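*Asks:* Structure for the following, please:
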Amino acid sequence: MFDSTVSRRGLMAIAGLYALHNRALAQPAWPARPIRLVVPGPPGAGSDIFARLLAIPLGEALKQPVLVDNKAGANGLIGNDTVAKAAHDGYTILLSPSSAIAINPIIQPKMPYDALKDLQPVAQVGSAGVLLVAHPSTGFKSLADLVRHAKAHPDKLAYGSWGSGSTGHLVMEGIKTQYGLAMPHVPYKGVSPLVNDLLGNTVSVGFVDIASPVPQIRAGKLTALGCTGSSRGPALPELATLSEQGYKFDADGWYGIFAPAGTPRETVLRLNQEVNRILATDDTVQKFAAQNMPRPPIKSADEFAATVRRDIAAWQELARVAQLKID
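*Replies:* The predicted model follows:
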């Protein structure tokens, strides 16, 4: 016997599937409009430099413009939060330094987002250290020179970093602990204003990113004293690492592309594929080397996510040991 109820239900199910299919077909393929690449730092900072090196070839690969949007402040907190709260449709992505991802949660009293839950790792862009620099008038040539002066003049030699909770802040607090130094911390809202004050000798020493001060160092306007990380930078091969100079800190920082959590997996994989393809080209390798960034590692999205999880745990432990506090 013909069951009209079952028949009606079957027809409704088929109609529903047909409607979903039509809606799926109506959705334009990603990307169908420009993509915003948020940089949680000011123009001219390391994250901005590498974002702009990637934006043009990435836009060409995706056949849509990739527009860099600088949102500086709070050691990357403002820019990162912008992306964490953005629509997870693939049209807002982030290029962030590791310090803004890994260290902020341990030193910020109230985080507006959860880096592990609200940001999806997409691709690692680079892996390098940070630079310790001084104004030439100090006469410092090495970490040892700085340590001798600071010990002889406690609380007199202030140092700058690009913000409370930055990699430079953490490393210098570790140096102070190892050598028993008393040096006040002067946090800046980004690398660019710090470099300006270092050039003007408003602050005599400081930690800056790996890339932006290289022209001033080569011109003799700033003196590089050392770099963190496991290897020397390609643009300053004569500059010894801090580990080589006696401060055993060889952890590498990184820059990474992130998307809001919930971004479609196929979008994440496409971005990872295109970014890795760009990073592997000789042109990009040479441009990165000119900015003191070693050959970028090529990692899948899942491999980069594992790096993020590992480094969040490691860097937060270092922050606890150094008793890092917000100034």
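*Asks:* residues in contact with residue 129?
*Replies:* Contacts here follow Cβ atoms under 8 Å, 6 or more residues apart in numbering; on that basis residue 129 touches 210, 227-230, 233, 241-242, 252-253. C-beta: built from backbone N, CA, C; applies to glycine.
*Asks:* Quick check: which of the residues you listed has the minimum pLDDT.
*Replies:* Least confident entry in those, by pLDDT: residue 252, with 79.
*Asks:* which residues touch that residue?
*Replies:* Contacts of residue 252 by Cβ under 8 Å, 6+ apart are 127-129, 228-230.
*Asks:* hmm, which of the contacts of residue 129 are the buried ones?
*Replies:* 210, 227-229, 233, 241-242, 252-253 (16 or more other Cβ atoms under 10 Å).
*Asks:* So in terms of bridging, what pairs with the closest residue to residue 308 other than its chain neighbours?
*Replies:* Spatial nearest neighbour of residue 308, chain neighbours left out: residue 121 (5.0 Å); criterion: Cβ to Cβ, 6 or more residues apart in numbering. Note on residue 121: beta-bridge partners by DSSP bridges are residue 258.
*Asks:* Quick one, grab the pLDDT at residue 121.
*Replies:* 98.
*Asks:* what stretches of the stretch 101-250 of the chain score poorly on pLDDT?
*Replies:* Along the stretch 101-250 of the chain, the parts satisfying pLDDT under 70 run over 250.
*Asks:* all helices in it, in order from the N-terminus.
*Replies:* Taking DSSP state H, counting those that start in this stretch as the test, the helices found in the stretch 101-250 of the chain are 104-107, 115-118, 143-152, 167-179, 191-199, 214-218.
*Asks:* I'd like these as JSON lines, with mean neighbour count and distance to residue 285 appended.
*Replies:* Output for those, formatted as JSON lines (neighbours: other Cβ atoms under 10 Å; distance: least, Cβ to Cβ, whole Å):
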{"stretch": "helix 104-107", "mean neighbour count": "20", "distance to residue 285": "30"}
{"stretch": "helix 115-118", "mean neighbour count": "16", "distance to residue 285": "29"}
{"stretch": "helix 143-152", "mean neighbour count": "17", "distance to residue 285": "29"}
{"stretch": "helix 167-179", "mean neighbour count": "22", "distance to residue 285": "23"}
{"stretch": "helix 191-199", "mean neighbour count": "21", "distance to residue 285": "23"}
{"stretch": "helix 214-218", "mean neighbour count": "16", "distance to residue 285": "16"}
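*Asks:* picking that back up, now, which of the contacts of residue 252 lie within strands?
*Replies:* The strands, defined by DSSP state E, take in 127-128 from the contacts of residue 252.
*Asks:* For the contacts of residue 252, name the two members farthest from one another.
*Replies:* 127 and 228 (11.7 Å; Cβ to Cβ).
*Asks:* what touches both of those two?
*Replies:* With Cβ under 8 Å, 6+ apart, residue 127 and residue 228 have common neighbours 252-253.
*Asks:* Cool, thanks, talk later.
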